[in-house]
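Participant: Curious how this folds, go ahead:
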Amino acid sequence: MNKSSSLIKSIVPIVVSTIALIVSLTVVVYQQTQKTINLQQKQLAVHSMLIERNARILELLLEYPDTRPYFYDNAELPQDKILLGKTMTLAEMWTDFFEQVLIQEEHIPKSMAITWQQYASDMHKSSTAIQKYFAESCGWYVPELRELWGGCTQ
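Facilitator: So this is what the prediction gives:
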């Protein structure tokens, strides 16, 4: 009995250590899984927020379709003061939106960030309104947007 009691006493610490190791590894795996899930949820939330904000601006284009050429067709800005006011307000909204895209970039997957940046670049290239607005107020915006859209002369 002495030998078996001694054997049990020597095995117990090994079994306890093994169980503790298994529990610790399980906790680490669980925590890593939770981090991954939380990151994916945050990325989805940020991406959804960007889509919603963009949709609000696009809804305004539906409400004011006469402003569309100044964003998609590089049309010369209107002479009419009311139409120009609407157009430049939308240009400011879009510029603010694209700044938000760049600020949130680290919180969205790289592939999505690239497509948002391409959208911002394309809009800037095709919009006389955004070009004019940004040229007049680029100092208000983050360096990343100034870099994306070719600098700032202010």
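Participant: who does the longest helix seen in the chain touch, helix- and strand-wise?
Facilitator: If you go by DSSP state H, the chain has its longest helix at helix 2-63. Applying 3 or more Cβ pairs under 8 Å, 6 or more residues apart in numbering; DSSP states H and E, one finds that helix 2-63 makes contact with helix 81-103, helix 110-126. No exception for glycine: its C-beta is placed from N, CA and C like everyone else's.
Participant: how does it look with 10 Å?
Facilitator: helix 69-72, helix 81-103, helix 110-126 (3 or more Cβ pairs under 10 Å, 6 or more residues apart in numbering; DSSP states H and E).
Participant: Just list the residues touching Lys136, thanks.
Facilitator: Just so we're on the same page, residue 136 is Glu rather than Lys. Residues near Glu136 by Cβ atoms under 10 Å, 6 or more residues apart in numbering: Met88, Ala91, Glu92, Thr153, Gln154.
Participant: hang on, the earlier thing: please tabulate the helices and strands packed on helix 2-63 in JSON lines, including the columns distance to Thr18.
Facilitator: Below are the helices and strands packed on helix 2-63 laid out as JSON lines (distance: least, Cβ to Cβ, whole Å):
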{"stretch": "helix 69-72", "distance to Thr18": "65"}
{"stretch": "helix 81-103", "distance to Thr18": "48"}
{"stretch": "helix 110-126", "distance to Thr18": "41"}
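Participant: Mind checking which of the contacts of Glu136 are buried?
Facilitator: Met88, Ala91, Glu92 (16 or more other Cβ atoms under 10 Å).
Participant: what about the residue nearest to the last one when sequence neighbours are not counted, helix or strand, and which?
Facilitator: With sequence-adjacent residues excluded and distances taken as Cβ to Cβ, 6 or more residues apart in numbering, Glu92 is closest to Tyr133, at 5.6 Å. In the assignment (DSSP states H and E), Tyr133 maps to helix 128-137.
Participant: which element follows that helix toward the C-terminus?
Facilitator: Sequence-wise, the next helix or strand downstream of helix 128-137 (DSSP H and E) is helix 143-148.
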